[in-house]
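Chemist: 3D, please:
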Amino acid sequence: MKPSSRSSEGKRFILSYLFLILFLCALASINEIRFDSFLKFGRCALSNVPQSYNSSSHSVASNSSSDDIRILIGILTLPDQYQRRHFLRLIYGTQSVAGAQVDVRFVFCNLTKEDQKVLVALEIMRYDDIIILNCQENMNKGKTYTFFSSLPEIFNSSDRPYPPYHYVMKGDDDTYFRLENLVESLRPLPREDLYYGYVIPCPSMDPYVHYMSGMGYLVSWDIAEWIRESDIPRNHLEGPEDKVFGEWIRDGHRAKNRFNAKWSMYNYPDPPTRCTHELWPDTIAVHLLKNQEKWIHTLKYFNVTSNLKPSKLYHIP
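Modeler: I've put the predicted structure just below:
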């Protein structure tokens with residue numbers, strides 16, 4: 001073979017190789033475009049899939065939006081009250097409220113025992129509904145102050161709406177709150193400078209004279225922020241906590257808006273006193289449920305298991 005023929009074949013081979021490389025590059029570019037489009041389509045499709053509900057979050061909400069009422073209920077209790085907390089989770093976890101977010105949290109001071117550190121940690125991992133305050137456990141020496149004054153630091157955040165809650169309630173662990181009735185009573189009320197509850201003394205109906213019972217009183221978020229910032233509550237911590245709270249409000253000239261929820265809030269009818277009456281349908285809260293018998297009687301009256309679905313798995317007469 002002549003040298004010129006060999007040179008010509010070599011050129012053809014090189015050109016063929018170059019064309020092959022260009023073809024493969026073009027094919028790869030087309031596939032990359034298709035793959036990117038597929039990924040974008042997939043992301044778009046997945047964005048329409050509802051996110052799974054976290055059953056560990058202990059809140060009661062139904063079709064709520066940023067404009068709906070947001071309420072935090074802090075149940076003041078003790079670290080060792082494990083059975084009481086589990087029972088109350090049943091009570092509040094089976095209630096639903098349309099158009100509102102109601103978060104129930106159990107509140108106590110620093111843990112002091114090794115078993116608490118394990119068992120309470122497990123509760124938090126499972127339910128995420130506990131607030132541990134930086135205080136020594138007490139009833140009438142500042143625990144309520146620590147609760148309210150800690151809330152702005154805990155919940156004010158740039159990644160959530162402001163205020164994080166329109167209302168904050170302090171409640172006892174022997175009080176049964178009917179959340180739907182509570183929310184409905186709050187809908188027409190102001191969301192600022194509000195103080196709400198059961199007026200003490202029992203015969204009184206004037207919320208501007210004394211204070212609200214510790215069974216469960218509620219304030220708007222701005223008052224919680226005032227409690228954190230003001231020296232008035234900080235310098236007056238000891239005494240019956242609900243009475244002391246009312247004195248803060250009085251001395252600070254707060255709560256121009258007040259609402260007396262009596263007689264939708266009351267003590268359990270037995271033993272009868274001036275603070276009690278019989279159970280009735282418009283109830284918001286029943287207080288002094290000190291034993292299981294009283295709880296069961298109250299829950300039966302309000303027919304709380306009426307929504308139990310029929311199943312072959314059980315038979316409850």
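Chemist: Please, where are all the strands along this structure?
Modeler: Counting by DSSP state E, the chain has strands at residues 59-61, 69-76, 100-108, 130-132, 167-172, 176-177, 194-197, 199-200, 211-212, 216-220, 257-260, 265-267, 285-287.
Chemist: gap between Asn260 and Val97?
Modeler: Counting by C-beta to C-beta, to the nearest Å, the gap from Asn260 to Val97 is 22 Å. Every residue, glycine included, has its C-beta placed from N, CA and C.
Chemist: Distance across stretch 306-317, terminal residue to terminal residue?
Modeler: Stretch 306-317 has an end-to-end distance of 12 Å (criterion: C-alpha to C-alpha, to the nearest Å).
Chemist: Report the rounded mean pLDDT for it.
Modeler: Taken as a whole, stretch 306-317 carries a mean pLDDT of 92.
Chemist: Repeat that for stretch 207-222.
Modeler: pLDDT averaged over stretch 207-222 gives 97.
Chemist: May I see the buried residues of that stretch?
Modeler: Of all the residues in stretch 207-222, those buried under the rule 16 or more other C-beta atoms under 10 Å are 207, 210-221.
Chemist: In TSV, list these along with distance to Arg234.
Modeler: Supplementary listing: the buried residues of stretch 207-222 in TSV, determined by distance: C-beta to C-beta, whole Å:
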residue	distance to Arg234
Pro207	24
His210	22
Tyr211	18
Met212	21
Ser213	23
Gly214	20
Met215	25
Gly216	24
Tyr217	19
Leu218	21
Val219	17
Ser220	20
Trp221	19
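Chemist: Looking at those residues, which two lie furthest apart in space?
Modeler: His210 and Trp221 (23.6 Å; C-beta to C-beta).
Chemist: what about His315, neighbour count?
Modeler: Residues lying near His315 (other C-beta atoms under 10 Å) number 7.
Chemist: more crowded one of Asn260 and Val97?
Modeler: Val97 (23 against 18).
Chemist: Please tell me how far the more buried one sits from Arg84.
Modeler: 23 Å.
Chemist: do the same with Ser213
Modeler: 20 Å.
Chemist: Ala121 now?
Modeler: In terms of C-beta to C-beta, Ala121 sits 18 Å off from Arg84.
Chemist: Equivalent analysis for Ile223, please.
Modeler: Counting by C-beta to C-beta, the separation of Ile223 from Arg84 is 28 Å.
Chemist: Tell me which of those two has more neighbours.
Modeler: Ile223 (24 against 15).
Chemist: quick one: contacts for the more buried one?
Modeler: Asp193, Leu194, Tyr195, Ile249, Arg254, Ala255 (C-beta atoms under 8 Å, 6 or more residues apart in numbering).
Chemist: so Arg274 touches Pro203, yeah?
Modeler: Yes - when contacts are counted by C-beta atoms under 8 Å, Arg274 is listed as touching Pro203 (6.0 Å).
Chemist: what about stretch 269-289, how long is it end to end?
Modeler: Span of stretch 269-289 from end to end, C-alpha to C-alpha: 10 Å.
Chemist: pLDDT (mean, whole number) over that stretch?
Modeler: 97.
Chemist: Show me what counts as buried in it.
Modeler: For stretch 269-289, by 16+ other C-beta under 10 Å, it's Pro269, Cys275, Thr276, Thr283, Ile284, Ala285, Val286, His287, Leu288, Leu289.
Chemist: and if you look at stretch 88-107?
Modeler: Across stretch 88-107, burial judged by 16+ other C-beta under 10 Å covers 88-89, 91-92, 97, 100-107.
Chemist: any chance of the residues you listed in a markdown table, plus pLDDT?
Modeler: Rendered in a markdown table, the data for the buried residues of stretch 88-107 read as follows (pLDDT from 0 to 100):
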| residue | pLDDT |
| --- | --- |
| Leu88 | 98 |
| Arg89 | 98 |
| Ile91 | 97 |
| Tyr92 | 97 |
| Val97 | 94 |
| Ala100 | 97 |
| Gln101 | 97 |
| Val102 | 98 |
| Asp103 | 98 |
| Val104 | 98 |
| Arg105 | 98 |
| Phe106 | 98 |
| Val107 | 98 |
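Chemist: what number of residues lie near Ser157?
Modeler: 10.
Chemist: Which residues are in contact with it?
Modeler: Counting by C-beta under 8 Å, 6+ apart, Ser157 has contacts Pro164.
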